[in-house]
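Engineer: can't give you the sequence, but here's the structure:
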């Protein structure tokens with residue numbers, strides 16, 4: 001299927017590694033020029049060079065912090081300047097350390113809560129607010145918010161709240177921007193194999209005395225019986241970023257391999 005993405009222009013926040021980088025590769029492979037945004041310049045420049053080399057598309061690194069409104073505005077302005085406009089926004093930036101240890105109520109501090117919400121929830125709002133005028137002016141666009149299956153689960157107070165909030169933000173944006181030809185969706189990855197997670201899985205498997213594949217099957221807790229790869233999440237995002245996805249907006253798409261024991265409607 002031709003996703004009709006050739007020549008489109010995308011901004012991907014949190015684009016220097018993990019799911020964000022996989023999305024950059026997927027979109028660029030489909031003919032999209034991309035701006036990758038993240039806070040670490042060295043990692044970002046390396047990622048952008050890798051995308052450009054593998055796909056032949058433009059991949060521009062821009063250091064930005066979604067926790068700061070001026071930084072987000074500068075990011076969008078730079079993307080428009082470099083690419084001549086913007087068609088797609090993938091909101092992916094987050095603080096992965098927050099909530100990772102599943103702290104209890106007493107261990108969930110105000111600082112951790114607001115720090116994460118500022119980057120992921122308000123940061124997504126900032127990026128959408130900065131991009132929306134450009135999308136509205138051309139009468140077409142896609143905004144894809146990367147959240148997480150934590151919104152269905154209670155393991156982490158912060159992650160549950162932030163992911164539910166991203167879903168609520170998505171639906172509000174979809175209703176408002178839909179008449180302007182802009183679709184807004186939220187993607188909820190589950191346990192996902194990324195560069196950093198692969199190292200963690202290998203270490204945990206060695207400690208347990210089993211191979212990595214067996215370890216991943218144990219922790220997957222899904223219908224496909226294995227951890228989903230970041231590239232597989234990126235494939236779903238590429239479709240949602242395309243004109244082919246016109247019938248999907250305001251909705252949540254789970255990409256966790258089918259969590260066991262849940263009925264979603």
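Structural biologist: Received it, and whenever you're ready, just let me know what you need. Keep in mind that what you see is a predicted model, and the values were worked out from it rather than measured.
Engineer: all helices for the stretch 101-250 of the chain, in order.
Structural biologist: Here the stretch 101-250 of the chain has its helices, by DSSP state H, counting those that start in this stretch, at 110-117, 123-138, 157-177, 195-208, 212-220, 230-240.
Engineer: figure out which of those is closest to residue 76.
Structural biologist: Across the helices of the stretch 101-250 of the chain, residue 76 has its closest neighbour in helix 123-138 (4.2 Å, CB to CB). C-beta coordinates here come from the backbone N, C-alpha and C atoms, glycine included.
Engineer: show the average pLDDT along the closest one.
Structural biologist: Across helix 123-138, pLDDT averages out at 98.
Engineer: mean neighbour count and distance to residue 56 added to the helices of the stretch 101-250 of the chain, as CSV?
Structural biologist: Compiled in CSV, these are given as follows (neighbours: other CB atoms under 10 Å; distance: least, CB to CB, whole Å):
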stretch, mean neighbour count, distance to residue 56
helix 110-117, 15, 36
helix 123-138, 20, 25
helix 157-177, 19, 31
helix 195-208, 13, 23
helix 212-220, 16, 33
helix 230-240, 22, 17
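Engineer: can you list those in CSV and add distance to residue 52?
Structural biologist: Formatted as CSV, the helices of the stretch 101-250 of the chain follow (distance: least, CB to CB, whole Å):
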stretch, distance to residue 52
helix 110-117, 31
helix 123-138, 22
helix 157-177, 29
helix 195-208, 19
helix 212-220, 31
helix 230-240, 17
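Engineer: tell me which of those helices sits nearest to residue 69.
Structural biologist: Residue 69 sits nearest to helix 123-138 of all the helices of the stretch 101-250 of the chain, at 5.3 Å, using CB to CB.
Engineer: what sits up against that closest one?
Structural biologist: For helix 123-138, contacts defined as CB atoms under 8 Å, 6 or more residues apart in numbering pick out 11, 13, 66-67, 69, 72-73, 75-76, 80, 85-87, 89, 91, 93, 141, 143, 145, 166, 169, 173, 177, 180-182, 184.
Engineer: do stretch 221-231 as well
Structural biologist: Here stretch 221-231 makes contact (CB under 8 Å, 6+ apart) with 18-19, 21-22, 25-26, 189-194, 197, 201, 213, 216-217, 219-220, 255-260.
Engineer: which among those end up buried?
Structural biologist: The neighbour count (16 or more other CB atoms under 10 Å) marks 18-19, 21-22, 25-26, 189-194, 197, 201, 216-217, 220, 255-259 as buried among those.
Engineer: could you list the low-pLDDT ranges of this structure?
Structural biologist: Flagging of the chain using pLDDT under 70 yields the residue ranges 96-101, 150-152, 265.
Engineer: hey, where'd the strands end up in it?
Structural biologist: Assigned by DSSP state E, the strands in the chain fall at 9-13, 33-38, 59-63, 88-91, 141-146, 182-189, 192-193, 228-229, 252-255.
Engineer: can I get those strands in JSON lines including distance to residue 209?
Structural biologist: Output for the strands of the chain, formatted as JSON lines (distance: least, CB to CB, whole Å):
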{"stretch": "strand 9-13", "distance to residue 209": "39"}
{"stretch": "strand 33-38", "distance to residue 209": "36"}
{"stretch": "strand 59-63", "distance to residue 209": "41"}
{"stretch": "strand 88-91", "distance to residue 209": "39"}
{"stretch": "strand 141-146", "distance to residue 209": "34"}
{"stretch": "strand 182-189", "distance to residue 209": "29"}
{"stretch": "strand 192-193", "distance to residue 209": "21"}
{"stretch": "strand 228-229", "distance to residue 209": "24"}
{"stretch": "strand 252-255", "distance to residue 209": "31"}
